[in-house]
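In: Please find the sequence and the predicted model below.
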Amino acid sequence: MLDKRSKALRKEMLKMLLAGKRGHLASALSLVEIFRVLYDDILTFNPKEPKWPGRDRCILSKGHGCMALYAILADKGYFPRQELKKFCTMDSLFGGHPEIFIPGVEASTGSLGHGLSIGLGQALASRMDGRKPKVFVIVGDGEINEGSVWEAALSASKHKVEELTVIIDYNKQQSYSSTDEICPLEPLADKWRAFGFGVADCDGHDVGALKEKLTGVPFEPGRPSVLICHTVKGKGIDTVEGNLKYHHVNNFTDNQYQQLVNLLEGGAEIA
């Protein structure tokens, strides 16, 4: 069961979807608890100074899940919450993928497979400047079909970047089918171990388990880490969970909004 805070963040996302009439809903819903734990319990940051050099970094490489990122950044005060009501409109900061000019966004992402290389570069650059901030890169499971992810992984292992942690949103679905049908990933943990990472996994919607794992990085001294988060695409709304038609929503209506809010609160579908 989702608690009040997890439901509140999801409601913000549904409001964004209503404002813009479109968005990658299911892909964002699987990320909520990951972002919640990172920003509530793990990251060091200053919303009043988004580019503060001493901050930790969090990069959403699967940029299409950006509604979850926008919701938590607003919650933490990077920008007024009411700005989210302009999501995907002409005069908005917030498009369907995150861009670097948005306060709190560390990299423009959405062209899949690039975020881990960016995160690795930031970690190495910080090291050269005499700092070692924690760097977290959130990738999708479908995204790690990209060869560039594994090139970055090899380089991170070579340079022993123990301040780098990859978080995999392992919801086991891609835009049009299961990851197993499109390009099987298992044995996923063994693949990352073979690339020189310390590996752990957990339920990606269990706040306590996420906090326990993420406070324990690096999982092995002198190695980058990967946390495989077993998640549900569309988590929290029965008709959205595992339903690929919600990977991306177009022409989202007031009636659909009311239906999904009702289901989020534990009600039945509205006739």
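Out: Noted; the coordinates are in hand.
In: okay, CA-based contacts and neighbour counts for the rest of this
Out: Will do.
In: Count the residues that sit near residue 91.
Out: 8 (other C-alpha atoms under 10 Å).
In: scratch that, residue 3
Out: 8.
In: Same check on residue 250?
Out: Neighbour count of residue 250, defined by other C-alpha under 10 Å: 13.
In: Contacts only, for it.
Out: 21-23 (C-alpha atoms under 8 Å, 6 or more residues apart in numbering).
In: Show me where the stretch 101-250 of the chain has its strands.
Out: Per DSSP state E, counting those that start in this stretch, the stretch 101-250 of the chain carries strands over the ranges 135-140, 164-170, 198-203, 225-230.
In: Counting by contacts, list what the last one packs against.
Out: Using 3 or more C-alpha pairs under 8 Å, 6 or more residues apart in numbering; DSSP states H and E as the contact criterion, the elements in contact with strand 225-230 are strand 164-170, strand 198-203.
In: Can you pull out the residues in contact with the first one?
Out: By C-alpha under 8 Å, 6+ apart, the surrounding residues in contact with strand 164-170 are 30-31, 116, 119-120, 123, 134-141, 156, 204, 217-218, 224-232.
In: What subset of those is buried?
Out: 30-31, 116, 119-120, 123, 134-141, 156, 204, 217-218, 224-232 (16 or more other C-alpha atoms under 10 Å).
In: number of nearby residues for the closest residue to residue 78 other than its chain neighbours?
Out: Spatial nearest neighbour of residue 78, chain neighbours left out: residue 47 (4.7 Å); criterion: C-alpha to C-alpha, 6 or more residues apart in numbering. Residue neighbour count, defined by other C-alpha under 10 Å, stands at 15 for residue 47.
In: Over to residue 233?
Out: Neighbours around residue 233, by other C-alpha under 10 Å: 27.
In: That one touches residue 245, doesn't it?
Out: No: look at residue 233 against residue 245 with C-alpha atoms under 8 Å: they stay out of range, at 11.2 Å.
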